[in-house]
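J.: here is my input; please provide its structure:
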Amino acid sequence: MTTVALYARVSTKDKGQSTENQLPELRRFAQAYGYTVYREYVEHESGGTGKRSEFQALFADAHLRRFDLEAIQIGSYTR
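T.: Just a heads-up that it's a prediction; the model follows:
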């Protein structure tokens, strides 16, 4: 079975967007494809730097091959 990591992020400056409305879509995406969710990485920080704690944790876990794919919420679509 394929294991995925879910990553939701919003800038603290964004209006009308929240990780709480991103995560259900990411979960539905994983469920629709029969993926098992390894972990949900959630951040409320600007994307201007790669030094975000959850972003770093995502890459560390990817390096350790703890999941097969990552699902990332970008705007109103998932990839």
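
J.: helix or strand with the lowest mean pLDDT in this structure?
T.: For the chain, counting by mean pLDDT, DSSP states H and E, strand 77-78 ranks last in confidence among helices and strands (a mean of 42).

J.: centre of the chain to stretch 21-32, how far?
T.: Distance of stretch 21-32 from the chain centroid (Cα atoms, centre = their mean, to the nearest Å) equals 10 Å.

J.: buried stuff in that stretch?
T.: 22-23, 25-26, 29-30 (16 or more other Cβ atoms under 10 Å). C-beta coordinates here come from the backbone N, C-alpha and C atoms, glycine included.

J.: ok but Leu6 is inside a helix, no?
T.: No - under the criterion used here (DSSP: H, G, I helix; E, B strand; the rest coil), Leu6 is strand, not part of a helix.

J.: does it touch Tyr41 like I think?
T.: Yes - with contact defined as Cβ atoms under 8 Å, Leu6 counts as touching Tyr41 (6.9 Å).
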